[in-house]
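> with the input below, show me the fold.
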Amino acid sequence: MKGLLTSLFIFLLFSGAASSQTLKSSAEYRKVLMGTAVRAYALPIDKRYRNTLAQNFNKITPENDMKMARVQPTEGVFTFAKADSVVEFARKNSMLIHGHTLVWHQEMPSWVERYRGNAPALEKILKSHIQTVVGHYKGKVQYWDVVNEAIERHGYRNTIWYDTLGKDFIRRAFIYAHNADPAAKLIYNDYDIATENQKSKKVLSLLSRLRKAGTPVCAVGLQMHISENGINYGSFRRMIQKYASLGLEVHITEMDVKIKKADEKTTVRSLEKQKVIYKKIARICAESPACKSFTTWGFTDKYTWIPGFTGGRYHKPLLFTESYARKPSFYGVIDGFRKAQPMDKR
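Reported below is the predicted structural model:
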């Protein structure tokens, strides 16, 4: 009887006819967190945004409201109100929070630049900013993107942090974050590192050195801003295994699949391609024990960075339409989790 009930549960969970099916219920069965990026300003003004978010996700990332320019626009003056509203929404809806991001070369307040070349002063700013922000959210934010995009294909990215403090700023950033909240899981986050290439090889080497030095980096975050042409899926699976071999968790932190603006017929075909990409990525994540979360960079095409970033050449990258209808990509994610071979995700 127990086996029969289990089979019935699985059928109801994954049947395409199950109208109550949500993204998070499909992901939870595969022991994957279903996440998305959230814009604080949309929460109080858009009821459908709030409802769709609460129904489908159990992990959320403030898209912009924890970045340095937002929380410390004036030196020594911290403003947490908008980020706090996202954290409070998560608390009320039993969601986890993925903090983004503590150290980055973009979206920094302009005042930081006056410390370029002044290592003691910039070191003090690095430590103070991380410890203040992480300390403010101690026990409330479960994951942090500690360092974002510090590597390029040729090696370390030339930023104010690297140019002034050297490569050790990365290790120190993780230590400061860990000291501020030892329970939080700390992540190195970057783009173009989900498949085997020159950049991912350098990131793998960096993470290996950090781990050997005892640096408290727990996971790697994969930004996966993909075109409708997709990626090399075998390479993606192998790259997850390589990160896992270092003892790291893998988190898909920023996924979307942009499609070119075109006539309606072309868009329909593109939406189907988009569905397949989401399906394959979700399935590989679910089948990889190290892959712990699947986060889309937004969830409705009403709020997405893609058109603005691409000068309007691309659009519709997410799982819900502007009016919150489920897109083929929504069902692609669910189907990817459904088709995944059972794996031990402990």
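> grab the most central residue of this protein for me.
Centroid-nearest residue in the chain: residue 253, 1.7 Å away (criterion: C-alpha atoms, centre = their mean).
> tell me how far that one lies from residue 213.
When distance is defined by C-beta to C-beta, to the nearest Å, residue 253 is 24 Å away from residue 213. Yep, even glycine has a C-beta here, placed from its N, CA and C like the rest.
> where are the low-confidence patches of this protein?
Scanning the chain for pLDDT under 70 picks out the ranges 1-20, 343-346.
> what are the boundaries of the helices in the stretch 101-250 of the chain?
For the stretch 101-250 of the chain, the helices defined by DSSP state H, counting those that start in this stretch cover 119-136, 160-165, 168-180, 198-212, 233-244.
> mind listing what's buried along stretch 204-219?
The neighbour-count check on stretch 204-219 (16 or more other C-beta atoms under 10 Å) flags 204, 206-208, 210, 215-219 as buried.
> any idea how many residues pack against residue 242?
If you count neighbours by other C-beta atoms under 10 Å, residue 242 ends up with 18.
> which element is the residue lying closest to residue 270 once chain neighbours are set aside on?
Once flanking residues are discounted, residue 270 sits nearest to residue 259: 3.9 Å by C-beta to C-beta, 6 or more residues apart in numbering. If you go by DSSP states H and E, residue 259 is part of strand 249-260.
> buried residues in that strand?
So for strand 249-260, counting by 16+ other C-beta under 10 Å, buried means 249-259.
> distance to residue 314 added to the helices of the stretch 101-250 of the chain, as a markdown table?
Listed next are the helices of the stretch 101-250 of the chain as a markdown table, based on distance: least, C-beta to C-beta, whole Å:
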| stretch | distance to residue 314 |
| --- | --- |
| helix 119-136 | 32 |
| helix 160-165 | 30 |
| helix 168-180 | 32 |
| helix 198-212 | 22 |
| helix 233-244 | 21 |
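> figure out which of those helices is closest to residue 145.
Of all the helices of the stretch 101-250 of the chain, helix 168-180 sits nearest to residue 145, with 10.0 Å by C-beta to C-beta.
> returning to what we had before: relative to helix 233-244, how tilted is the strand holding residue 259?
150 degrees (axes from the mean of the first three to the mean of the last three C-alpha atoms, to 10 degrees).
> so what's the gap between strand 249-260 and the chain middle?
7 Å (C-alpha atoms, centre = their mean, to the nearest Å).
> same question, stretch 126-133
21 Å.
> equivalent analysis for stretch 283-299, please.
On C-alpha atoms, centre = their mean, the centre of stretch 283-299 falls 10 Å from that of its chain.
> which two among the buried residues of stretch 204-219 are spaced furthest apart?
Pairwise distances across the buried residues of stretch 204-219 (C-beta to C-beta) peak at 18.1 Å, for the pair 204 and 216.
> excluding chain neighbours, what is closest to residue 83?
In space, residue 83 is closest to residue 65, 4.3 Å off (C-beta to C-beta, 6+ apart).
> quick check, that neighbour in a strand?
No. Applying DSSP: H, G, I helix; E, B strand; the rest coil, one finds residue 65 to be coil, outside a strand.
> residue 86 is in contact with that one, correct?
Yes. Under the criterion of C-beta atoms under 8 Å, residue 65 makes contact with residue 86 at 6.3 Å.
> OK, contacts around residue 190?
When contacts are counted by C-beta atoms under 8 Å, 6 or more residues apart in numbering, residue 190 touches 148-151, 199, 203, 220-223.
> and those as a markdown table, adding neighbour count?
Output for those, formatted as a markdown table (neighbours: other C-beta atoms under 10 Å):
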| residue | neighbour count |
| --- | --- |
| 148 | 22 |
| 149 | 20 |
| 150 | 22 |
| 151 | 26 |
| 199 | 18 |
| 203 | 20 |
| 220 | 28 |
| 221 | 29 |
| 222 | 29 |
| 223 | 21 |
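> so which of those residues sit within strands?
Counting by DSSP state E, the contacts of residue 190 place 148, 151, 220-223 in strands.
> let's have those residues in CSV, adding distance to residue 337.
Formatted as CSV, those follow (distance: C-beta to C-beta, whole Å):
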residue, distance to residue 337
148, 28
151, 31
220, 21
221, 20
222, 17
223, 21
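> and the residues you listed, which is closest to residue 109?
Among the ones in strands among the contacts of residue 190, and counting by C-beta to C-beta, the member closest to residue 109 is residue 148, at 15.7 Å.
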